[in-house]
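Next input, structure requested:
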Amino acid sequence: MMKSPVSAVATALLIGWVGTAGAIDPSAAFADPALQARYEHLTNELRCLVCQNQTIADSNASLAGDLRREVREMIARGDTEAQIKDFLTARYGDFVLYDPPLSARTLFLWAAPGLFVLLTVGVVVRTVIRRARQPIDADDSEESA
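Numbering: from 1, shown residues only. Below you'll find the predicted structure:
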């Protein structure tokens, strides 16, 4: 029996929603709303090293769960956001941060989009100038007349 494309998309979305619904353990919520807000903020700023396009808040990977637990314990201990980020970057590198700091190691990450745009504009300008300098063929002009 053939399913309609709409029901296939709806099924895929439902599976995706159910999969991410269990990413954060609701039993691990802090009693203090301020600590819970810090926890949620941090878990949304840290990258899952397994998934790489998801935060640890969104990921179901076991490493993301371990990182969430580690962040929760550090917040409960009273560590600051800077201390938590420093600990994680010392252990996993700047890649664990969605917004890595500008440094010599991350300079290419920050400069790559601009360099790509400049390279593309340069290629387009060079192509346009090269084509503008080419003479118009006599055969082409006679055909259009």
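
Name the helix or strand for Ala90, please.
helix 81-92 (DSSP states H and E).

what is the mean pLDDT for that helix?
The average pLDDT for helix 81-92 rounds to 92.

How about stretch 106-117?
Mean pLDDT, stretch 106-117: 85.

Check what contacts it and list those residues.
Here stretch 106-117 makes contact (CB atoms under 8 Å, 6 or more residues apart in numbering) with 94, 100, 102. For glycine as for every other residue, the C-beta is placed from the backbone atoms N, C-alpha and C.

What residues sit buried inside that stretch?
Within stretch 106-117, no residue counts as buried by 16 or more other CB atoms under 10 Å.

Go through the helix holding Ala90 and flag the buried ones.
84-85, 88-89.

nearest to Gly65, of these?
Nearest to Gly65 out of the buried residues of helix 81-92 is Leu88 (CB to CB; 14.6 Å).

In this structure that closest one contacts Arg47, no?
No. Using CB atoms under 8 Å, Leu88 makes no contact with Arg47, being 9.8 Å away.

Good, we can wrap up now.
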